[in-house]
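# could you look at this predicted model? Sequence included:
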Amino acid sequence: MIDSENLSRLSEPTGRFLFYTIVLALALLPTSCRMPGSQQNAPIAASATPKRVADTIEAPLRIATSGDYRPFSVWPPGSAEPRGFSIAVAQAYAKDRGVAIEWVRVRWPELAGDLAADRFDLALSGITIRPDRVILGRFSVPLTTSGAVLLVPGSSLYETATELNHESVRLAVNAGGHLERVARALFPAATIDAIPDNAAVLGRLAVQPEQLAADAVVSDSLEAPLWQASRPDLRAIGPLTRDNKAAWFPPSRRAEARRFDAWLLRAEASGELGRVRRRYALPDERTAQPVAALLASLDERLSLMKRVAQTKRLSGAPVEDRLRELRVLAAARSATVAAAARAHRAAPDREALDAFFGAQIEAAKWIQRRTLAEPASPQEWPDQDLETGREELEQRIRPALLYLGDRIAWLIVESTAAGDASPSEQEVAHALERHALPQSILRELTESLRQILRDGTRTGRMRRPRPARTGRAASG
């Protein structure tokens, strides 16, 4: 594993929460395909462009995918539609929704721009959750996990990742994707060759002339075994990171993202999602189980705290704001109690809720303080000034935090309803390891969550939450 300081570069609460009802249909319609902006690849199945007003989507669903990333998305030459794990998930969801799919082929360097331009309703292509994407769009709960790895020839003298961080080393990686960012963050001394076509990356190990050949290629723990099947001489170094893969939605598609999350939890509970994972030899990790999804959402939310700290660095605002923290705590508590009422579940214990959300606030402040104690990196924060920092905070970061807070509140209720086993402190630490949180905060997160789950599984009947003790201040 690479040390937590380097990992933190890759990973970079607060108001009201909103809840949405789930609307599901029944029948399955045909699929179609197009390239963004292409007339010759216009939709096949749709006779007219579907109407999209705000967050309302009428069939077909425009689903973006790259077609170049096994085992998630492969588009065979001459085929009308792609194949792979992400494709199978998309098809199962569309069948449950009773809508057709309009495939939109995308390239990794243009993915964020296509999302901003509203060229698709969701993207499914083995997309890694990372902070810069979190503030641009809305991720689903994770579908699976992976980790960055290096592939080197079996005869290579390189044994560790550290040895490859040298000016004489050349690494090849897919351009524009998460792995290019990993390569540049973890191997700043090496020469990075960003290859526009992911399918051509592996060939860089044998390119001529020899001085242009890569010493290693960057892949991940799911794709690398498939590359090794065609090149048995290759040896893997890693994994170097732990990454979550999820569907990605434009911010305007919040309701669709919530429908997708609700379907994912049902598909995980029924075993449907697990069967699709096994079909494509993915890890047997139930990432869409409510407690696992809850911890992943907390990880995603905390990953934004470095960006929050940067805006405070620019404005001179303090890390601690007790009045805001009290408002956040009250809003989070109310949202969770309301979600429980909608689900006809007992309201979680108030003290346990306050402790859990308070521990999240403490974790957020701890990350911010650590960030502010370090010198600002121009590579990490390019072209930032006070005005752009404020704009990013208000228009991108806060809406993302609100969305994630909403989902955390919903998942607390889903976790109690599902009767999920309480996580151990080790499991909580593993889910949040990129943040290197102090043991005291991890312990408080674990104990308060375990109390919520114990209380929720003890009874399913409605009850009023316990009043707060007089004089008790919110944690954080």
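Sure, I can see it.
# okay, domains of this protein per the record?
Domain segmentation of the chain under automatic domain parsing yields 32-143+243-287, 148-237, 292-458.
# go through the ones you listed and find the least confident stretch.
Mean pLDDT values for these show the minimum at domain 32-143+243-287, a mean of 87.
# re the thing from before, as CSV, the domains of the chain with mean neighbour count would be great.
From N, CA and C alone the C-beta is placed, and that goes for glycine too. Shown next, in CSV, are the domains of the chain (neighbours: other Cβ atoms under 10 Å):
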stretch, mean neighbour count
domain 32-143+243-287, 19
domain 148-237, 18
domain 292-458, 19
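# and the helix or strand hosting residue 415, how far out from the chain middle?
Using DSSP states H and E, residue 415 maps to helix 398-418. Centre-to-centre, helix 398-418 and its host chain are 14 Å apart (Cα atoms, centre = their mean, to the nearest Å).
# gap between the lengthiest helix in the chain and the chain center?
Longest among the helix segments of the chain by residue count, using DSSP state H, is helix 350-373. Its chain's C-alpha centre lies 20 Å from the corresponding centre of helix 350-373 when counted by Cα atoms, centre = their mean.
# swap in stretch 124-132?
Relative to its chain's centre, stretch 124-132 lies at 6 Å (Cα atoms, centre = their mean).
# same question, stretch 302-315
Using Cα atoms, centre = their mean, the offset of stretch 302-315 from its chain centre is 19 Å.
# now residue 313: how far from residue 434?
Applying Cβ to Cβ, to the nearest Å, the value for residue 313 to residue 434 is 21 Å.
# next one: residue 361
Taking Cβ to Cβ, one finds residue 361 at 19 Å from residue 434.
# in the sheet, who's paired with the closest residue to residue 199 other than its chain neighbours?
Using Cβ to Cβ, 6 or more residues apart in numbering and skipping the chain neighbours, the partner closest in space to residue 199 is residue 68 (5.3 Å). According to DSSP bridges, the partner residues bridging residue 68 are residue 74.
# so where does residue 444 fall, helix or strand?
Going by DSSP H and E, residue 444 is in helix 439-458.
# all strands for the stretch 51-200 of the chain, in order.
Ranges of strands in the stretch 51-200 of the chain, per DSSP state E, counting those that start in this stretch, are 52-53, 56-57, 61-65, 68-69, 73-74, 101-105, 122-128, 138-139, 144-146, 148-153, 170-174, 191-195.
# and the closest residue to residue 140 other than its chain neighbours, which of the three is it?
Leaving aside its chain neighbours, residue 140 sits nearest to residue 247 (4.1 Å; criterion: Cβ to Cβ, 6+ apart). Residue 247 falls in the strand class when you classify it by DSSP: H, G, I helix; E, B strand; the rest coil.
# equivalent analysis for residue 219, please.
strand.
# wait, it touches residue 179, no?
Yes: using Cβ atoms under 8 Å, residue 219 makes contact with residue 179 at a distance of 7.1 Å.
# how close does the residue positioned nearest the centre of the chain get to residue 236?
Central residue of the chain (Cα atoms, centre = their mean): residue 129, 2.9 Å from the mean position. Applying Cβ to Cβ, the value for residue 129 to residue 236 is 23 Å.
# tell me the contacts of residue 312?
If you count contacts by Cβ atoms under 8 Å, 6 or more residues apart in numbering, residue 312 has them with 318-319, 368, 372.
# which strand or helix spans it?
Residue 312 belongs to helix 305-315, assigned by DSSP H and E.
# I'd like the next helix or strand past that helix.
From helix 305-315 onward toward the C-terminus, using DSSP H and E, the following helix or strand is helix 322-342.
# quick check: angle from that following helix to helix 398-418?
Angle of helix 322-342 versus helix 398-418, following axes from the mean of the first three to the mean of the last three Cα atoms, to 10 degrees, is 40 degrees.
# other SSEs contacting the longest helix of the chain?
helix 290-302, helix 305-315, helix 322-342, helix 439-458 (3 or more Cβ pairs under 8 Å, 6 or more residues apart in numbering; DSSP states H and E).
# which one of these lies closest to residue 133?
With Cβ to Cβ as the measure, helix 290-302 is the member of those nearest residue 133 (10.1 Å).
# and that closest one, what does it pack onto?
Helices and strands touching helix 290-302, as assessed by 3+ Cβ pairs under 8 Å, 6+ apart, comprise strand 243-249, helix 254-270, helix 350-373, helix 398-418, helix 425-431, helix 439-458.
# what packs against the fourth one?
Pointing back at helix 398-418 there. Counting by 3+ Cβ pairs under 8 Å, 6+ apart, helix 398-418 packs on helix 254-270, helix 290-302, helix 322-342, helix 439-458.
# now do the fifth one
Counting by 3+ Cβ pairs under 8 Å, 6+ apart, the packing neighbours recorded for helix 425-431 are helix 290-302, helix 439-458.
# hang on, the earlier thing: now render the helices and strands packed on helix 290-302 as CSV, adding distance to residue 149.
Shown next, in CSV, are the helices and strands packed on helix 290-302 (distance: least, Cβ to Cβ, whole Å):
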stretch, distance to residue 149
strand 243-249, 11
helix 254-270, 26
helix 350-373, 27
helix 398-418, 29
helix 425-431, 19
helix 439-458, 27
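# give the contact list for the closest residue to residue 112 other than its chain neighbours.
Spatially, and ignoring its direct neighbours in sequence, residue 112 is nearest to residue 136 (5.7 Å; Cβ to Cβ, 6+ apart). With contact taken as Cβ under 8 Å, 6+ apart, residue 136 is in contact with 112, 115-116, 251, 396.
# thinking again about what came up before, determine which of the helices and strands packed on helix 425-431 approaches residue 401 most closely.
Of all the helices and strands packed on helix 425-431, it is helix 290-302 that lies closest to residue 401, at 6.4 Å by Cβ to Cβ.
# helix 350-373 and that closest one, what's the angle between them?
If you take the same axes, to 10 degrees, helix 290-302 sits at 40 degrees to helix 350-373.
# related to what we said a few turns ago, how much space separates the residue nearest to residue 112 from residue 118?
12 Å.
# circling back to that earlier point, hey, what's the closest residue to the residue nearest to the centre of the chain other than its chain neighbours bridged with?
Computed as Cβ to Cβ, 6+ apart, the closest residue to residue 129 that is not its neighbour in sequence is residue 244, at 4.6 Å. Per DSSP bridges, the residues bridged to residue 244 are residue 145.
# my read is that residue 244 contacts residue 298, right?
No: assessed by Cβ under 8 Å, residue 244 is found out of contact with residue 298, at 11.9 Å.
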